[in-house]
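Engineer: What would the 3D arrangement of this be:
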Amino acid sequence: MGRKQHVVNLSDEERRTLEWFISTGEHKAEDITPARILLKADDGLTDAGICEHVGCSIGTPYNARKNYCDEGSWRFIAASPTANMSANSMAMPKRD
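Structural biologist: Residues are numbered from 1 along each chain as shown. Purely as a prediction, here's the structure:
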């Protein structure tokens, strides 16, 4: 079996954002699961180990890693409070 094609290396900011995303209790489980998988993958767990910890099928970690490598963590970062703050502060004022 070869090396993993999609390796997850999270920055400190990405890790904090994913941990925040998981801990807020405001998101659906289907959104939280990939975040948990990325954190476990960054810790060096195998897909089988991730499945044990997260409680998902064997293909789910692969898909989460692939999506992260293809798209980045923008989905989670866009939901973070600091991203929302900066997006709101840069919004154009409404016209009357």
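Engineer: what are the ranges of the helices in the chain?
Structural biologist: Remark: helices assigned in the chain by DSSP state H are 12-23, 29-42, 47-54, 59-71, 74-77, 81-89.
Engineer: Flag the shaky bits of the chain, pLDDT-wise.
Structural biologist: Filtered on pLDDT under 70, the chain yields the residue ranges 1-3, 73-96.
Engineer: Please repeat the previous calculation with a cut-off of 50.
Structural biologist: 84-96 (pLDDT under 50).
Engineer: In it, which residue is most central in space?
Structural biologist: Centroid-nearest residue in the chain: Ala35, 3.5 Å away (criterion: Cα atoms, centre = their mean).
Engineer: Wait, that residue touches Leu18, no?
Structural biologist: Yes - with contact defined as Cβ atoms under 8 Å, Ala35 counts as touching Leu18 (4.6 Å). Yep, even glycine has a C-beta here, placed from its N, CA and C like the rest.
Engineer: so who does the residue nearest to Cys69 when sequence neighbours are not counted touch?
Structural biologist: Nearest non-adjacent residue to Cys69, counting by Cβ to Cβ, 6 or more residues apart in numbering: His6, 4.2 Å away. Each residue near His6 by Cβ atoms under 8 Å, 6 or more residues apart in numbering is listed here: Tyr62, Arg65, Lys66, Tyr68, Cys69.
Engineer: Dump those residues to TSV, plus neighbour count and distance to Lys28.
Structural biologist: TSV is the format used below for those (neighbours: other Cβ atoms under 10 Å; distance: Cβ to Cβ, whole Å):
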residue	neighbour count	distance to Lys28
Tyr62	17	21
Arg65	22	20
Lys66	12	20
Tyr68	26	18
Cys69	14	23
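Engineer: measure Asn63 to Thr17 for me?
Structural biologist: 20 Å (Cβ to Cβ, to the nearest Å).
Engineer: re the thing from before, roughly how far apart are the residue nearest to the centre of the chain and Ile58?
Structural biologist: 19 Å.
Engineer: likewise Asp31?
Structural biologist: According to Cβ to Cβ, Asp31 stands 20 Å off from Ile58.
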